[in-house]
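Q: coords please:
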Amino acid sequence: MSAAYQIPPGQSVVLNCVRILATLAVFLGHATKPDVLFDVDIALIGRATIPVFLMLSGYFLARAVSAGGQFKTAVLKRYFGLYHVVLPGIVILFLADLWLVQAGSPILENSKFDSEISVHRFLVETFQALTFSGAYWRVDPLSQGLFANQSYWTVEYIMAYMAATSAIYLLSGFTRFAVVAVIALIAGPTILLLSPLWFAGVVAFEIHKQCHAAWVLECSGRADEAARWPRFVRSWAPLYGAIGLIVVVYIERSGLGSWVYDESKTWASFEFRQHLGMAKRFAWQWMLVPGLFLIVVASKYLIYWTPSEKTRNWTKRVARHNLPIYMFHFSMIYVVQSMIPDYQPHWWSPDPYLMMAGALVLTLSISIVCSRYVKPIADRVLAKALS
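A: Residues are numbered from 1 along each chain as shown. This next block holds a predicted model:
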């Protein structure tokens, strides 16, 4: 029996489903902008969506790199492995911007939308897209990442955390410290502000890994060699899982999170906060980390369901589209909205629902095309380069 920790199939399916729901929650949040796209502000799980997505992404990435390998290969594989989405995205989102300006879309009224399309801006943002650096040491509050897409920033955070996590697991000694320090220096404070969301997931994985190792010792009759704390983690999972859920619900439903967010607005000027992008909500998001962390740790010991092979494959296939949907949906919402004549942003009008369905289908279609036709070519090029 090996002490290597494999995520149980049931837990993997459930966590992937949670990531899928978090993605849909963000989609609905952006598609229901009051008075512009919809007249009812819908927030399924509030600001918990971003912490959930980053935390679970950190969890799964830690599982992947904990198996070992070379740091350089692991980073390059994941870094360039997204190019099958990024390269088409540069063209698609640039054309989307041109369309939105031409159509006079309501997005033009957004203070972060820069309607000035120039060769210089195209080159700068293309470079930032290819290097996943649009949010690094931000000096420009306009847009957030690739052109006017306010969701592309997610990739920039993920890639920085991915590189740092890979260094932690695959390097050692002073080299590990130096590489992590360089990554932090390059990424800058904007990225570091949301790092607790990601690394809480990494710590949750490490707890599960250590608990599994202790369980292996106990099963082999060597319980005296196993630490005691893993037994506490396994035995009391329902309790701290319930505590975590209560904490998250209380923060979201009591208004405590929104109060902290409003209070944090007084800590710096509006202009300075705009440079932070989504990281400007860090105070609120930090509050959710302890509760979500307890839920993730407890999940392994509360989920005993064994899914079928068909269910496992289905959730994996759907989960692969999470990141592309994150990247494209914001722009596509406004593109589809601009195509609906005399758009009525009211809950009783069919227009918003037609917009949401059209944007989701369009976004998912782009993701499927990238995955089915562009990815095989990109994988062959990457494999040849790494060899």
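
Q: ok, and the helix or strand in this structure with the lowest average confidence?
A: helix 270-275 (a mean of 75; mean pLDDT, DSSP states H and E).

Q: any weak-confidence spans in the stretch 1-150 of the chain?
A: Under the criterion pLDDT under 70, the flagged ranges of the stretch 1-150 of the chain are 1-4, 43-47, 139-146, 148, 150.

Q: switch the cut-off to 50
A: Within the stretch 1-150 of the chain, the stretches with pLDDT under 50 are 1-3.

Q: Helices of that one, start to end?
A: Ranges of helices in the stretch 1-150 of the chain, per DSSP state H, counting those that start in this stretch, are 9-31, 49-66, 71-80, 83-103, 119-131.

Q: Please tell me how far residue 107 sits from residue 270.
A: 20 Å (C-beta to C-beta, to the nearest Å). Backbone N, C-alpha and C define where each C-beta goes, glycine included.

Q: Who has more neighbours out of those two?
A: residue 107 (26 against 9; other C-beta atoms under 10 Å).

Q: I'd say the more buried one and residue 335 touch.
A: No. The criterion here is C-beta atoms under 8 Å, and residue 107 misses it with residue 335 at 9.4 Å.

Q: Common neighbours of the two, please.
A: Common neighbours of residue 107 and residue 335, using C-beta atoms under 8 Å, 6 or more residues apart in numbering, are residue 100.

Q: Give the rounded mean pLDDT of stretch 349-368.
A: For stretch 349-368, mean pLDDT is 94.

Q: Now do that stretch: everything it contacts.
A: 27-28, 31-32, 37-38, 85, 88, 92, 321, 324-325, 328-329, 332-333, 335-337, 339-340, 343-346.

Q: Buried ones in that stretch, by neighbour count?
A: Using 16 or more other C-beta atoms under 10 Å as the test for burial, stretch 349-368 gives 351, 352, 355, 356, 358, 359, 360, 362, 363, 364, 366, 367.

Q: Tell me, how many residues neighbour residue 237?
A: 18.

Q: pLDDT at the nearest residue to it once chain neighbours are set aside, what is it?
A: The shortest distance from residue 237 to any non-neighbouring residue, by C-beta to C-beta, 6 or more residues apart in numbering, is to residue 301 (3.6 Å). Residue 301 carries a pLDDT score of 90 in this model.

Q: ok, residue 356 to residue 32 distance?
A: Residue 356 is 8 Å from residue 32, by C-beta to C-beta.

Q: Let me fix that, I meant to ask about residue 70.
A: Computed with C-beta to C-beta, the distance linking residue 70 and residue 32 is 45 Å.

Q: If you count surrounding residues, which of the two has more?
A: Per other C-beta under 10 Å, whichever of residue 70 and residue 32 has more neighbours is residue 32, with 20 against 13.

Q: doesn't residue 329 make contact with residue 92?
A: No. Using C-beta under 8 Å, residue 92 is not in contact with residue 329; the gap is 12.0 Å.

Q: Please report how far residue 168 lies from residue 204.
A: For residue 168, the distance to residue 204 equals 15 Å [C-beta to C-beta].

Q: between the two, who's got more neighbours?
A: Neighbour tally, residue 168 and residue 204, criterion other C-beta under 10 Å: the higher count belongs to residue 204, 24 against 20.

Q: Now do stretch 298-310: distance to the chain's middle.
A: 23 Å (C-alpha atoms, centre = their mean, to the nearest Å).

Q: in which helix or strand would I find residue 159?
A: Assigned by DSSP states H and E, residue 159 falls within helix 153-170.

Q: any idea of the mean pLDDT in whatever helix or strand comes next after that helix?
A: Using DSSP H and E, the helix or strand that follows helix 153-170 in sequence is helix 173-187. Model confidence over helix 173-187, given as mean pLDDT, is 96.

Q: Angles on the backbone of residue 347, please.
A: Main-chain torsions, residue 347, degrees, to the nearest 10: phi -60, psi -30.

Q: mind checking how far the closest residue to it other than its chain neighbours is from residue 241?
A: Counting by C-beta to C-beta, 6+ apart, the nearest residue to residue 347 once its immediate chain neighbours are dropped is residue 40, at 5.3 Å. From residue 40 across to residue 241, the span is 32 Å (C-beta to C-beta).

Q: now residue 335, what's its secondary structure?
A: Reduced to three states with DSSP: H, G, I helix; E, B strand; the rest coil, the structure at residue 335 is helix.

Q: ok, how many other residues are close to the closest residue to it other than its chain neighbours?
A: Counting by C-beta to C-beta, 6+ apart, residue 96 is the residue found nearest to residue 335 once chain neighbours are left out, at 5.4 Å. Here the count is done by other C-beta under 10 Å, and residue 96 has 23 residues near it.

Q: so residue 96 makes contact with residue 337?
A: No. Using C-beta under 8 Å, residue 96 makes no contact with residue 337, being 11.8 Å away.

Q: avg pLDDT for the longest helix belonging to the chain?
A: Ranked by residue count, the top helix of the chain under DSSP state H comes out as helix 195-219. Computed over helix 195-219, the mean pLDDT rounds to 92.

Q: In it, which residues are buried?
A: Buried residues in helix 195-219, counted by 16+ other C-beta under 10 Å: 195-217.

Q: For it, give me every contacting residue.
A: So helix 195-219 is in contact with 1-3, 5, 7, 50-51, 54-63, 66, 157-158, 161, 164-165, 168, 223, 225-227, 230-231, 233-234, 285-286, 289, 292-293, 296-297, 300, going by C-beta under 8 Å, 6+ apart.

Q: What's the first helix or strand after that helix?
A: Downstream of helix 195-219, the first helix or strand assigned by DSSP H and E is helix 229-235.

Q: same for that next one, what does it pack against?
A: Other elements packing on helix 229-235 under the criterion 3 or more C-beta pairs under 8 Å, 6 or more residues apart in numbering; DSSP states H and E are helix 195-219, helix 282-302.
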